[in-house]
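S.K.: Here's my sequence, what's the structure:
(chains A, B and C)
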Amino acid sequence: MIQNILDFISMDGNGFYIWISYFIPLTLFFSLVLVRKIKLNKILKKIKKNEL
Amino acid sequence: MTRLFILLLSREVKGYLFNTNKSWFALGFFLLCILIFPLSLGGSEDLLKKISISSIWICALFANLISLESLFKEDYKNGTLLQYHINRIPFFIIVFTKFICHWLFTGFPIIILSPLFLIFLSGSYENILGLFYSLLIGTPLFSLIGMPISALTLGSAARGPILVFLTIPFFLPIIIFGVLSVNSFSSGSFSEYYLLCAILSIGIIFLPYITIKILKESLE
Amino acid sequence: MIKYFHKFANPVRFLKLAIPIKKISGIAAFFTIFIGLIFALLLSPPDYQQKETVRIMYIHVPSAWMSLMTYGFIFLSSVFFLIWRFPLFLILAKESVPIGIIFTFSALISGALWGKPTWGTYWVWDARLTSFLILFFIFLGLKLIKDTFSNSSKGNYTFAYLSLVGGFNLPIIKFSVDWWNTLHQPASIIRTGGISVSNEMLAPLFLMALGLFFLFIYILLVSVEINIKEKSLINFRDSLKNN
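M.R.: All right, here's what the predicted structure looks like:
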């Protein structure tokens, strides 16, 4: 079981390249989404405060 | 119309001649850039011989780039451009005089001096004519492409960095074809020259037109 | 056509339409990318030549496609802005620049990481790679323009014209780099044709592409919403001050 997981992670010895190449773009996408989300929520809050 | 053209042209030329900073800046920058290449190669004659053409092209590019900033700046700042606009002087005359002057004081001296520098950088004698022709077609293109971008960035606070960032990608095709044309000149193929000529003949029609559009937009 | 645009050029009306689309595409992006990742990393078979490294393709190729699509989108909306002068098109174009930067960057990074195990180097001055690097720099230039001019009308036109000129210039750059490349690197390391793509590989590829497309729409619409709401907030404050 553990051996299977380790095999999967190592990917024939090229695991480093594969995991990094998935990790960097996905973190970038996720962080951009997060930044935009936080900004939007801030603005929505401000609008609510102003209208009350 | 012709009188107006000559009048504006002489004004521009005078502006360059009396302002020594402006007229010598590009050429001086070119000379200093050229100086860097042999020094940075650690005295390797072979390497220098190989990259002599490319280094002259690179220096021509940077000399052109660095003088782009002052192309419209002064006339924009002291309101001359606005005065031209109000007095209904056709913009294409202004743009073409600017272009001719810019080329005359940045491209032209480099073209004239290029054979000298090729020998200076221990390049082969066969390439002198090829380099001369390719610079003759290439440097006006640099000026032409730089014009709309210089007009675009007028009035921006961070003009220098923007200008450098935006212009270099647009200069790349020219420098690629320019260097290749010299290399293939000695083997008797002129395809890159024809390509550069094609780009020049398209560019000389459309790029001033775009520049005029942008300048009008920035004055309104 | 113009009538149709007029209807949705009004920011408030646009937002009414955009918010449901945003929500749907956000959910769709999450699920398609999730399923796509499972397919790409677990279910798809390894290539018989490239073995497991072929899995990098499923993130590399979709992000490359998407960065080209983003540039096309910026180009088209700039053209529409210059023709019809609806500010909405400009907002759309401007807000998709950071997304384009991220797509291009991830395509470059994953390409470099794919190159190391398959060709032995991280970077080759190949035509495709070079023109992609230039695309990245053009995106950065657009971002620079967008940030320095802020919201003046001059900056808007600068942005639109620049993306227009860049759009015309990109094919020329591609062509010139191709030309330069064929002369100087006759024995290119990258084989044309590359890997034979089987159906099992197409599934994760298209899933990831679809996921990234939904992600693009989601981020774009969120950014546009931020932009419009921010403007209305500023207008509201100004009106408070005036009273």
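
S.K.: wait, what's in contact with residue C:112?
M.R.: If a contact means C-beta atoms under 8 Å, 6 or more residues apart in numbering or on different chains, then residue C:112 has C:122-123 as its contacts. C-beta coordinates here come from the backbone N, C-alpha and C atoms, glycine included.

S.K.: Residue B:168 versus that one, what's the distance?
M.R.: 22 Å (C-beta to C-beta, to the nearest Å).

S.K.: Next: residue C:161.
M.R.: 18 Å.

S.K.: Comparing the two, which residue is more hemmed in?
M.R.: Neighbours were tallied for residue C:161 and for residue B:168 using other C-beta atoms under 10 Å in any protein chain shown; the higher tally belongs to residue C:161 (21 against 16).

S.K.: Disregarding residues adjacent in the polypeptide, which is nearest to the residue in chain C positioned nearest to chain B?
M.R.: Closest contact between chain C and chain B, by C-beta to the nearest C-beta, is at residue C:176 (3.8 Å). Once flanking residues are discounted, residue C:176 sits nearest to residue B:173: 3.8 Å by C-beta to C-beta, 6 or more residues apart in numbering or on different chains.

S.K.: isn't that neighbour right next to residue C:170, touching?
M.R.: No: counting by C-beta atoms under 8 Å, residue B:173 stays clear of residue C:170, with 10.5 Å between them.

S.K.: These two - which one has more neighbours?
M.R.: Counting neighbours by other C-beta under 10 Å for residue B:173 and for residue C:170 shows that residue B:173 has the greater number, 24 against 19.

S.K.: Quick check: what element follows the helix or strand encompassing the more buried one along the chain?
M.R.: Element membership for residue B:173 (DSSP states H and E) is helix B:159-185. Remark: after helix B:159-185, the chain's next helix or strand is helix B:191-219, criterion DSSP H and E.

S.K.: wait, does that following helix contact chain C?
M.R.: Yes: using C-beta under 8 Å from any C-beta of the partner chain, helix B:191-219 comes into contact with chain C via B:199, B:210, B:213-214, B:217-218.

S.K.: What's the per-residue pLDDT of the residue of chain B found nearest chain A here?
M.R.: Residue nearest to chain A within chain B (C-beta to the nearest C-beta): residue B:165, separated by 21.4 Å. Listed pLDDT for residue B:165 reads 82.

S.K.: Tell me how many other residues crowd it.
M.R.: For residue B:165, the tally of surrounding residues (other C-beta under 10 Å) stands at 20.

S.K.: Give me the nearest residue to it, chain neighbours excluded.
M.R.: Per C-beta to C-beta, 6+ apart, closest to residue B:165 is residue C:141, 4.6 Å.

S.K.: Repeat that for residue B:142.
M.R.: residue B:64 (4.2 Å).

S.K.: The one you found contacts residue B:139, doesn't it?
M.R.: Yes: under the criterion of C-beta under 8 Å, residue B:64 makes contact with residue B:139 at 6.8 Å.

S.K.: shared neighbours, the two?
M.R.: Residues touching both residue B:64 and residue B:139 (C-beta under 8 Å, 6+ apart): B:106-107.

S.K.: if we can go back for a sec, mind listing what the residue nearest to residue C:176 touches?
M.R.: Residues in contact with residue B:173 (C-beta under 8 Å, 6+ apart) are B:199, C:169, C:172-173, C:175-176.

S.K.: In helices, which of these fall?
M.R.: B:199, C:169, C:172-173, C:175-176 (DSSP state H).

S.K.: Show me which of the residues you listed are buried.
M.R.: B:199, C:169, C:173, C:176 (16 or more other C-beta atoms under 10 Å in any protein chain shown).

S.K.: Closest one to residue B:155 out of those residues, please.
M.R.: Nearest to residue B:155 among those is residue C:169, at 23.1 Å by C-beta to C-beta.

S.K.: what pLDDT does the closest one get?
M.R.: You'll see residue C:169 listed with a pLDDT of 78.

S.K.: so it makes contact with residue B:170?
M.R.: Yes: in this structure, residue C:169 is within contact of residue B:170 by C-beta under 8 Å, at 5.6 Å.

S.K.: which residues of chain C fall in helices?
M.R.: Secondary structure of chain C by DSSP H: the helices cover C:2-9, C:11-38, C:57-84, C:87-119, C:127-148, C:153-184, C:199-242.

S.K.: Show me which residues of chain A are close to chain C?
M.R.: So far as C-beta under 8 Å from any C-beta goes, chain A lies against chain C at A:8, A:11-12, A:14-15, A:17-18, A:20-22, A:24-26, A:28-29, A:32-33, A:36-37, A:39-40, A:43-44, A:46-47, A:50.

S.K.: what's the weakest-modelled helix or strand in chain C?
M.R.: The helix or strand of chain C with the poorest confidence is helix C:2-9; it has a mean of 63 (mean pLDDT, DSSP states H and E).

S.K.: Might you report the residue contacts of residue B:82?
M.R.: residue B:219.

S.K.: Find the helix or strand that it is a member of.
M.R.: Assigned by DSSP H and E, residue B:82 belongs to helix B:80-86.

S.K.: and the following helix or strand past that helix, what other elements does it pack with?
M.R.: Downstream of helix B:80-86, the first helix or strand assigned by DSSP H and E is helix B:91-102. In terms of contacts (3 or more C-beta pairs under 8 Å, 6 or more residues apart in numbering or on different chains; DSSP states H and E), helix B:91-102 is packed against helix B:2-18, helix B:80-86, helix B:127-152, helix B:191-219.

S.K.: now the ones you listed as TSV including distance to residue B:109 and mean pLDDT?
M.R.: Listed next are these as TSV, based on distance: least, C-beta to C-beta, whole Å; pLDDT from 0 to 100:
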stretch	distance to residue B:109	mean pLDDT
helix B:2-18	12	85
helix B:80-86	25	86
helix B:127-152	10	89
helix B:191-219	19	87
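
S.K.: is it true that residue C:158 touches residue B:150?
M.R.: No: with contact defined as C-beta under 8 Å, residue C:158 and residue B:150 do not form a contacting pair (11.7 Å).

S.K.: could you point out the longest helix in chain A?
M.R.: Under DSSP H, chain A gives helix A:15-51 as its longest helix.

S.K.: Sort out which residues of it are buried, please.
M.R.: Under the neighbour-count criterion of 16+ other C-beta under 10 Å, helix A:15-51 has A:15, A:17-19, A:21-22, A:24-25, A:28-29, A:32-33, A:36, A:39-40, A:43 buried.

S.K.: got the residues of chain C near chain B?
M.R.: Contacts of chain C with chain B, taken as C-beta under 8 Å from any C-beta, map to C:134, C:137-138, C:140-141, C:144-145, C:148-149, C:154-155, C:157-158, C:161-162, C:165-166, C:169, C:172-173, C:175-177, C:179-180, C:183.

S.K.: List the contacts of residue B:133.
M.R.: Neighbouring residues of residue B:133 by C-beta under 8 Å, 6+ apart: B:181, B:185, B:193.

S.K.: Now do the contacts for whichever residue of chain C sits closest to chain A.
M.R.: When scored by C-beta to the nearest C-beta, chain C has residue C:106 as its residue closest to chain A, at 3.2 Å. Residues in contact with residue C:106 (C-beta under 8 Å, 6+ apart) are A:24-25, A:28-29, C:59, C:63.
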